[in-house]
Each structure stands twice: as C-alpha cells, then as structure tokens.
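*Asks:* coordinates only, sequence not included:
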C-alpha cells in the first residue's frame, strides 16, 4: 500500500521525465534553396558542432554518413541541443 509520500515521489518523477530535451530534426537544402527534412546529420555537421560519431549515437541523434556538406542551421541546432542537454544533467 502506497502512502502519500510515495505518490508524491511517483508524480514528481513522472513530471521530470516529460521535460526531456528531444533532439532536433536535421534539414537539408533542396534544389530551390528550401529547407527539407533529411535522414540524418552529416559527418561534417557533427564535426563542426564538436561531436563525434559515438557521442551522436549515445545522444540518439540520426546520422547519415552518405550526406556530404554542412548546413549552418543544423550545426546551430546541434550546438543548442548540446547546451540544453548538458544543462539538464
């Protein structure tokens, strides 16, 4: 039988779990210079953001090794995600 303190602790943990920082979606430039969703981040974007391939896998970031080039919007999004995830822990 749970007492009130057990229920309070349970709901506090559930509330904290819902505030997780989700990784941003990668984008790529189309032929008309529009941003479209991409399969994953390129290795150049990970390198520009200061991440290794292993760190990206641990963080749950999608990586597309076949993509070539780097988009500044993705690099900025990755850097902001890293700051947010480090501040959380």
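*Replies:* Yep, it's here. Quick caveat, the model's predicted, so the values are computed rather than measured.
*Asks:* C-alpha from now on. contacts and neighbour counts both.
*Replies:* OK.
*Asks:* pull the contacting residues for residue 62.
*Replies:* Contact partners of residue 62, counting by Cα atoms under 8 Å, 6 or more residues apart in numbering, are 39-41, 56.
*Asks:* give the contact list for the most centrally placed residue in the chain.
*Replies:* Centroid check for the chain by Cα atoms, centre = their mean gives residue 23 as the closest residue, at 2.0 Å. Neighbouring residues of residue 23 by Cα under 8 Å, 6+ apart: 60-61, 81.
*Asks:* in three-state terms, label it for me.
*Replies:* For residue 23, the assignment made with DSSP: H, G, I helix; E, B strand; the rest coil gives coil.
*Asks:* adjust the sequence numbering to begin at 40 for everything that follows.
*Replies:* Sounds good: first residue 40 from here, last item residue 62.
*Asks:* packing partners for the longest helix seen in the chain?
*Replies:* For the chain, the helix with the greatest residue count under DSSP state H is helix 111-127. Applying 3 or more Cα pairs under 8 Å, 6 or more residues apart in numbering; DSSP states H and E, one finds that helix 111-127 makes contact with helix 82-88.
*Asks:* again, only this time at 10 Å
*Replies:* For helix 111-127, the elements it packs on are strand 66-68, helix 82-88, helix 92-98, judged by 3 or more Cα pairs under 10 Å, 6 or more residues apart in numbering; DSSP states H and E.
*Asks:* quick one: strands adjacent to the shortest one?
*Replies:* The reference is to strand 66-68. strand 74-76 (antiparallel) (DSSP bridges).
*Asks:* contact partners of the strand it pairs with?
*Replies:* If you take Cα atoms under 10 Å, 6 or more residues apart in numbering as the criterion, strand 74-76 is touched by 64-69, 110, 112.
*Asks:* most neighbours, which of those?
*Replies:* Ranked by neighbour count under the definition other Cα atoms under 10 Å, the contacts of strand 74-76 are headed by residue 65 with 24 neighbours.
*Asks:* from residue 105, how far off is that one?
*Replies:* Taking Cα to Cα, to the nearest Å as the measure, residue 65 falls 14 Å from residue 105.
*Asks:* need the overlap of contacts for the two.
*Replies:* Counting by Cα under 10 Å, 6+ apart, the residues touching both residue 65 and residue 105 are 78-81.
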